[in-house]
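**Q** Quick check, what structure comes out for this input:
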Amino acid sequence: MLIKVYVDAWEAQNTLQAIEDILSSPELGLAAGSFAAGRVVERTLAGKDVNDSIFTPYAAGTRKFGTPNLYETGEMLGSVGYSPAGSSGADVSCDSEIAKYHQDGTSRMPQRKFIGLSDNDKLDLFDEVFNNPLKEITS
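**A** Reported below is the predicted structural model:
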């Protein structure tokens, strides 16, 4: 007696096609840019640099108090944005005159590097733009 079971690979093929569509979509780079720009602003407002370290405090004698969060007028963090770069990436930038001084530091101001992603940010980015959409497809 022959026992037979039909195995349909259609659902697996559809899932693999959906994954390919995610990976080749120009939306992937835009989603990455949006996440990264948002994370830069969020982390900076929390007073942390790209390595998740607390910013160097303000020097004694300045008119500023508290934890630096680079948000005095809102102009600098309000100019953090992103633009498409290549087929699957984005450039995150800050279009502010003072940003360079914070990013690089000066002889009178400590470096408070805020543009960039930490290793934890990169893991969160991967979850946001790849793992979470993949879970939606496969559930």
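**Q** Does Gly47 touch Pro57 like I think?
**A** No. With contact defined as C-beta atoms under 8 Å, Gly47 does not reach Pro57; the gap is 9.4 Å. Using the backbone N, CA and C atoms, a C-beta is placed for each residue, glycine as well.
**Q** Looking at the two, which is more packed in?
**A** With neighbours defined as other C-beta atoms under 10 Å, Gly47 and Pro57 compare such that Gly47 has more, 18 against 14.
**Q** which residues sit in contact with that one?
**A** Ile54, Phe55, Thr67, Pro68, Asn69 (C-beta atoms under 8 Å, 6 or more residues apart in numbering).
**Q** So for it, what pLDDT did the model give?
**A** Looking at Gly47, its pLDDT stands at 93.
**Q** Check Leu134 too.
**A** In this prediction Leu134 is given a pLDDT of 78.
**Q** Name the residues of stretch 110-129 that are buried.
**A** Neighbour-count burial for stretch 110-129 flags Arg112, Phe114, Ile115, Leu117, Ser118, Asp121, Asp124, Leu125, Glu128, Val129 (criterion: 16 or more other C-beta atoms under 10 Å).
**Q** Give me the average confidence score over that stretch.
**A** Per-residue scores along stretch 110-129 average to 92.
**Q** and what of stretch 86-93?
**A** Rounded mean pLDDT across stretch 86-93 is 85.
**Q** which of the residues in it are buried?
**A** Residues of stretch 86-93 classed as buried by neighbour count (16+ other C-beta under 10 Å): Ser88, Ala90, Val92, Ser93.
**Q** Just the ones in strands from those residues, please.
**A** Ala90, Val92, Ser93 (DSSP state E).
**Q** would you turn the residues you listed into a markdown table with distance to Ser107?
**A** What follows is these, written out as a markdown table (distance: C-beta to C-beta, whole Å):
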| residue | distance to Ser107 |
| --- | --- |
| Ala90 | 33 |
| Val92 | 27 |
| Ser93 | 25 |
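**Q** Give me the helices and strands touching the top helix by length along the chain, please.
**A** What stands out as the longest helix in the chain, according to DSSP state H, is helix 26-45. Helices and strands touching helix 26-45, as assessed by 3 or more C-beta pairs under 8 Å, 6 or more residues apart in numbering; DSSP states H and E, comprise helix 75-78, strand 80-85, strand 89-94, helix 119-126.
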